[in-house]
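**Q** okay, predicted coordinates and the sequence, questions at the end:
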Amino acid sequence: AQKVTQAQTEISVVEKEDVTLDCVYETRDTTYYLFWYKQPPSGELVFLIRRNSFDEQNEISGRYSWNFQKSTSSFNFTITASQVVDSAVYFCALTLNNAGNMLTFGGGTRLMVKP
Amino acid sequence: DAGVIQSPRHEVTEMGQEVTLRCKPISGHNSLFWYRQTMMRGLELLIYFNNNVPIDDSGMPEDRFSAKMPNASFSTLKIQPSEPRDSAVYFCASSFQAATSGGRAETQYFGPGTRLLVL
């Protein structure tokens, strides 16, 4: 069975600080997919990124960047120059190939960005 | 394009009452998922459909819960009778799974959720 662990339950930073959210996963499968979702205070779940297990290239999108390392089974998410609007709960999730897209979510990390 | 639509957005009911949650997936998507979010258990998958057929309902808590997908554009999750421990946010999500994708996981897009409170 697969598992996703987000050890940081809550992080508080001051605006403009950089912050990294950790995600560690467990699976015996060699083909899998990792996701990050954002849940702002309004409650909806917003898709941020999808990564498959064969693509270890890091990705940058504006102030967001993701570091995927199979050697440590980690898929960490960094926000550069954080802003108050980044305050949300962030979820990391995993699904396997041929698993019908069934997502296993981590417990989430609540990020609070203070002005 | 409209995203996943869920109704109602909020529901308050009394224990023992029947509750029906509704979902309209993104047009063209052929997979639909129901999730429940609680403080204690986080986000957990209840059931998912592919091409309107229930594929895995192992996450459905008990017989009080049932889900249907009569057509590609509509699904319901019903709780009868409801209990206070069913209070949670229920999310519906959809994705498109191509038959030739070789099982590749596609991105799920979530609706805004239904916040259910059972008194």
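**A** Alright, I've got the coordinates.

**Q** from now on I want contacts and neighbour counts done on CA atoms only, so please keep to that.
**A** Fine.

**Q** name the helix or strand for the residue minimising distance to the centre of chain B, please.
**A** Centroid-nearest residue in chain B, with C-alpha atoms, centre = their mean: residue B:34, separated by 2.4 Å. Per DSSP states H and E, residue B:34 falls inside strand B:31-38.

**Q** helices and strands around that strand, which ones?
**A** Counting by 3 or more C-alpha pairs under 8 Å, 6 or more residues apart in numbering or on different chains; DSSP states H and E, the packing neighbours recorded for strand B:31-38 are strand B:42-50, strand B:88-95.

**Q** got the angle between it and strand B:88-95?
**A** 160 degrees (axes from the mean of the first three to the mean of the last three C-alpha atoms, to 10 degrees).

**Q** after the lowest-mean-pLDDT helix or strand in chain A, which helix or strand is next?
**A** Taking mean pLDDT, DSSP states H and E as the measure, chain A has strand A:59-61 as its least confident helix or strand, at a mean of 85. Where DSSP H and E defines the elements, the next helix or strand beyond strand A:59-61 is strand A:64-69.

**Q** now the strand holding residue B:34: buried residues?
**A** Within strand B:31-38, the residues scored as buried using 16 or more other C-alpha atoms under 10 Å in any protein chain shown are B:31, B:32, B:33, B:34, B:35, B:36, B:37.

**Q** tell me the bridge partners for the last one.
**A** Translated: residue B:37. Here residue B:37 sits in beta bridges with residue B:43, residue B:89, going by DSSP bridges.

**Q** residues in contact with it?
**A** By C-alpha atoms under 8 Å, 6 or more residues apart in numbering or on different chains, the contact list for residue B:37 reads B:43, B:44, B:88, B:89, B:90, B:91.

**Q** nearest to residue B:27 among the residues you listed?
**A** Nearest to residue B:27 among the contacts of residue B:37 is residue B:91, at 17.2 Å by C-alpha to C-alpha.

**Q** isn't residue B:17 right up against residue B:81?
**A** Yes: counting by C-alpha atoms under 8 Å, residue B:81 is a contact partner of residue B:17 at 5.4 Å.

**Q** and the contacts of residue B:37 as TSV, adding pLDDT?
**A** Shown next, in TSV, are the contacts of residue B:37 (pLDDT from 0 to 100):
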residue	pLDDT
B:43	93
B:44	92
B:88	97
B:89	97
B:90	98
B:91	97
